[in-house]
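> Model the structure of this input:
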Amino acid sequence: MREKINEEVPSLIRWVIKPIAELGFSEGHPDSQIWIVGLNPKGPENYNDPREKDNLKNYFSGDIHPYFKDFLTVSKHLYSLLGKPKGAGHTDIVKCCSNNFPPENINIKEAEKIKENCSVYLRNQILSFKPKIIVCNGTPVCDFFIKAFPPLRNLNGIYDNDTALGPWSL
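This is a model prediction of the structure:
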């Protein structure tokens, strides 16, 4: 089951993976305090993810996707926390699969619209689950977060409550 999102998004990327839309979280324990955020799930376009809540919660038990094994070289401690209660989990900005982002037939403007549309789900995830630490995996993810969550202090060191959550204020 897929949930249709904004019609302005190119037809190739109009579907949100079911567990994310229905359950609000991606791989790992829902109470994870550290989130690794990637750009998009890799896979065939218009993939209909068959996983359910328990599959996502227990995703890091047993054999896991090679993407996550790369975190062994980054931080053995972070890797050891994947899937543990109060440990580390994973989600993506873009909630629909493609082998590359943006896909070859999507221009930059359309790719930004896709990220904007999917950011609603990410915003709801962050505000609902309240992770303590977000690890941005890659430059595009870092750039996205800098725009979505501007610094809490201005250049003079003064806390600016009005922009603390950027466009995602409560």
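
> show me the contacts for the nearest residue to residue 81 once chain neighbours are set aside.
In space, residue 81 comes closest to residue 87 once its chain neighbours are excluded; the distance is 3.6 Å by CB to CB, 6 or more residues apart in numbering. In short, each C-beta sits where N, CA and C put it, glycine included. Going by CB atoms under 8 Å, 6 or more residues apart in numbering, residue 87 touches 28, 29, 32, 33, 34, 81.

> Let's have those residues in CSV, adding neighbour count and secondary structure.
Output for those, formatted as CSV (neighbours: other CB atoms under 10 Å; DSSP: H, G, I helix; E, B strand; the rest coil):
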residue, neighbour count, secondary structure
28, 26, coil
29, 21, coil
32, 27, coil
33, 17, coil
34, 19, strand
81, 22, helix
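
> Among those, which one sits closest to residue 134?
Set against residue 134, the nearest of those by CB to CB is residue 34 (7.9 Å).

> Assess the claim that the closest one and residue 131 are in contact.
Yes - using CB atoms under 8 Å, residue 34 is in contact with residue 131, at 6.5 Å.

> joint contacts of those two?
Jointly contacting residue 34 and residue 131 under the rule CB under 8 Å, 6+ apart are residue 89.

> Give me the distance from the helix or strand hosting residue 112 to the chain's centre.
Following DSSP states H and E, one finds residue 112 within helix 108-129. Its chain's C-alpha centre and that of helix 108-129 lie 8 Å apart, by CA atoms, centre = their mean, to the nearest Å.

> and that helix, average pLDDT?
Helix 108-129 shows a mean pLDDT of 84.

> buried ones in stretch 32-44?
Within stretch 32-44, the residues scored as buried using 16 or more other CB atoms under 10 Å are 32, 33, 34, 35, 36, 37, 38, 39, 40, 41.

> Quick check: end-to-end length of that stretch?
Its start and end residues considered, stretch 32-44 measures 28 Å (CA to CA, to the nearest Å).

> Pull the distance from it to the chain's centre.
Worked out by CA atoms, centre = their mean, stretch 32-44 lies 5 Å from the chain centre.

> Quick check: which ranges of the protein have low pLDDT?
Scanning the chain with the threshold set as pLDDT under 70 gives 1-25, 150-170.

> picking that back up, export the contacts of residue 87 to JSON lines and append columns for distance to residue 144.
Putting the contacts of residue 87 into JSON lines (distance: CB to CB, whole Å) gives the following:
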{"residue": "28", "distance to residue 144": "20"}
{"residue": "29", "distance to residue 144": "24"}
{"residue": "32", "distance to residue 144": "20"}
{"residue": "33", "distance to residue 144": "21"}
{"residue": "34", "distance to residue 144": "18"}
{"residue": "81", "distance to residue 144": "23"}
